[in-house]
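Student: let's see this in three dimensions:
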Amino acid sequence: MSPLSRREFVAAGVAAGAGLVIGFYLPHRGSGKDVFSPNAYVRITPDNKVTIVVARSEMGQGVRTALPMILAEELEADWKQIEIEQAGASTLYGDQTTGGSASIRTTWDPMRKAGAAAREMLISAAALTWGVPRSACAAQQGSIVHAASNRRLSYGDLVGKAATLPIPTDVTLKQSKDYKIVGQRLARLDTPSKVKGEAVFGIDFRLPGMKYALLSRCPTIGGKLTGFDDKESKKVSGVSFVGRISDSAVAVVADSVWGAMEGRRLLNATWDDGPNKDLNTAAVMDALKQAASKKGVSLYGVGDVATAAGRHISAEYQLPFMAHAPMEPGNCTAHYQGSKCELWAPTQVPQDCRDSVATAVGLDPDQVKVNVTLMGGGFGRRLEHDYAVEAALVSKAIGGPVKVIWTREDDMRFSTYRPASLHQLSATLDAAGWPVAFAHRIVAPSISGQKGQPGPNGVDPDLPDEAAFVYGLPNVALEYVLAETPVPLGWMRSVYALQAAFASESFIDELAAAAGKDPLEYRLHMLAKDQDIQYFSTTWRTARMRAVLQLAAQKSGWGKPLAAGRFRGIACFGCFASYMAEVVEISMENATPRVHRVVAAVDCGQVVNPGILEQQIPGGIVYALGNALRAKITIEKGRVVEGNFDDYAPLRMEETPAVEVYAVSSAEAPTGIGEPSVPPLAPALCNAIYAATKKRIRALPILS
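Tutor: Purely as a prediction, here's the structure:
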């Protein structure tokens, strides 16, 4: 099957959720006298254990707690009785892709309706047992009560009876004012196992008799293997196999990781460097500039920017390739057994892993089982499934279980990368300095297009979720210009939103400075009128953006004097259906910015768990700050230069600012939260640097 882009998955999920207003379908797993399982998401047993199945991958964002909270709320469950089960690749849950900040927003309705359906069946079972009207019974914290007679039956007591009842197709959902679990700061269910060291990440998983493999890959992009000499490799103790696994890789298998590493080090492989042997970063950026002369595809337009009269201002911004660099490098365990293959993978796309592995080893998808482990970070890298295919191929070659492990250098140099991009912006200001026209041309390669999934009219399918302009101006033109690159591309946390926000929110500060106006005042002027802005399938509301901008400004003390040597910058952006604003406070130390404080305000609709929200946003800000300061992948002679955290340095503990998080109260359906805190950080930081130095930064990283 052709994998959907993560944005197509989001759109499909949102559309499905919108269709579940009255009647709905939830996959049925079957019930019996010992288990009540009216759908694939929940299972109740006579001992009162409530198991909630999580069909999204946990990579630190908290879905193994937040998703069960949604179902448990409608079920009226006793939270202390909840257990979680991770779903593997399955046809039961629709698209299981974990990406695009979509886990909550696309499963909000299905999980609520799954819990409500089970609740209604349990109420009916109790009413039948007591011979009383259903209306006289109510669900309360894991039991059904009959107030008139003061009788109570636990859910476990009702398993057998409930399992015989028809599954309702029309259920009443609770109103937000009645929530008891959703909105609470509950402790994460997976924390105890992590604290105790019992949690199993992909790299931790073991099988009896399992071998370890490292692959030697062609160092140039698009190059091929021409041959290898394994004589020295096979002298290493424990090395049991050396063999070609693909056109561009050789596997070295051993009894230990160290043995595989040594065997690979001593392998003498020869390569055909291929057509990209002379590729470098300068050539990539030149290609973007050449592509900029092409006609773009309209993303959004209102009015006519070309005829707007006034003072014209323009600027150009650019961003580099970037790597995901999760702490846990790529890995996967596979056991190929002829007619079946089983995987244990830290993956964001279990179904894609299943399908790609099936194709690679010559099986049907239903002959491949994918077990989803915890991940030590994903950031979009686990949307790829190269490591799973490698593990399956090596397992087939050796006839036994094997874990393929990537080193940090492997992960950095043979990965997929957030695409480099060029941004051309222009605006027209009226006599008072206010903008009457705004144009933004995004010149970038298409991630989905490179993967064989081009969007309609050449628009990358990700852009509708990531490159909106949530300001109410009379003349606006957003365009996308497709560029080509041989550098392998991948989705990285906030993807195009990071790029669009850096350019547009930095440029808006330029406009404010040119007009001699306060950056906050300038933005609020453009958001002053309540407007609904239709951007593809999303309706953006200026009132919601205005509220988060005002909240961030208020909490940061915007307009009040700062300590000597301190400066502020501000930015806001809408992406993944959420509204985000950030104020960054800095000082300059030896011409280098030192970030002391970040104040973030968000409107992401109904907050399922405030504690998780307050973890997600600082995590995104720290990630974004490290990227803004230093992250850059460069290409020389067709090879990725950076290899480890010495030349692709993450943020250090002493560089981490204090982060304050504030959420606008909202009863709207939940929207994305994993990525929206990333895009405003870089422009807010660069705007603060301008406040301190009067120098504009139009290219990232800042410390390049």
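Student: which helix or strand lies directly C-terminal to the longest helix seen in the chain?
Tutor: The residue-count maximum for a helix in the chain (DSSP state H) belongs to helix 103-130. For helix 103-130, the following helix or strand on the C-terminal side (DSSP states H and E) is strand 137-140.
Student: export that following strand to CSV, keeping only CA atoms.
Tutor: Extracted in CSV, the C-alpha atoms of strand 137-140 (Å, rounded to 0.1, in the frame of the first residue of the first chain):
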residue,chain,number,x,y,z
CYS,A,137,-28.9,4.0,36.9
ALA,A,138,-25.7,6.0,36.5
ALA,A,139,-22.0,5.2,36.0
GLN,A,140,-19.7,6.4,38.7
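Student: name the helices or strands packed onto the helix or strand following it?
Tutor: Next helix or strand after strand 137-140 toward the C-terminus (DSSP H and E): strand 143-146. Using 3 or more Cβ pairs under 8 Å, 6 or more residues apart in numbering; DSSP states H and E, the elements in contact with strand 143-146 are helix 103-130, strand 137-140, strand 151-154. Every residue, glycine included, has its C-beta placed from N, CA and C.
Student: and strand 143-146, how far out from the chain middle?
Tutor: Its chain's C-alpha centre and that of strand 143-146 lie 40 Å apart, by Cα atoms, centre = their mean, to the nearest Å.
Student: for it, give the mean pLDDT please.
Tutor: Here strand 143-146 scores 98 as its mean pLDDT.
Student: name the strands paired with it and say parallel or antiparallel.
Tutor: Strand 143-146 has its sheet partners listed here by DSSP bridges as strand 137-140 (antiparallel), strand 151-154 (antiparallel).
Student: distance to Gly94, mean neighbour count and mean pLDDT for the helices and strands packed on strand 143-146 - can I get that in CSV?
Tutor: Conversion of the helices and strands packed on strand 143-146 to CSV gives the following (distance: least, Cβ to Cβ, whole Å; neighbours: other Cβ atoms under 10 Å; pLDDT from 0 to 100):
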stretch, distance to Gly94, mean neighbour count, mean pLDDT
helix 103-130, 8, 24, 97
strand 137-140, 27, 18, 98
strand 151-154, 32, 16, 98
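Student: possible to save those as a markdown table with distance to Ala528?
Tutor: Below are the helices and strands packed on strand 143-146 laid out as a markdown table (distance: least, Cβ to Cβ, whole Å):
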| stretch | distance to Ala528 |
| --- | --- |
| helix 103-130 | 29 |
| strand 137-140 | 47 |
| strand 151-154 | 56 |
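Student: wait, which of these is closest to Arg265?
Tutor: helix 103-130 (40.2 Å; Cβ to Cβ).
Student: please compute how far the closest one lies from its chain's middle.
Tutor: That offset, for helix 103-130, works out to 28 Å (Cα atoms, centre = their mean).
Student: quick one: list the elements packing against that helix.
Tutor: helix 6-18, strand 36-39, strand 42-44, helix 63-75, strand 137-140, strand 143-146, strand 151-154, helix 159-162.
Student: tilt between that helix and helix 63-75?
Tutor: Inter-element angle recorded for helix 103-130 and helix 63-75: 40 degrees (by axes from the mean of the first three to the mean of the last three Cα atoms, to 10 degrees).
Student: any idea which of the strands paired with strand 143-146 gets closest to Ile633?
Tutor: Comparing the strands paired with strand 143-146 under Cβ to Cβ, the one sitting nearest is strand 137-140, at 53.4 Å.
Student: who's in contact with the closest one?
Tutor: Taking contacts as Cβ atoms under 8 Å, 6 or more residues apart in numbering, the residues outside strand 137-140 that touch it are 75-76, 119, 122-123, 126-127, 130, 144-147.
Student: among the residues you listed, which one sits closest to Val602?
Tutor: Nearest to Val602 among the contacts of strand 137-140, with distances taken as Cβ to Cβ, is Leu75, at 28.0 Å.
Student: good, we can wrap up now.
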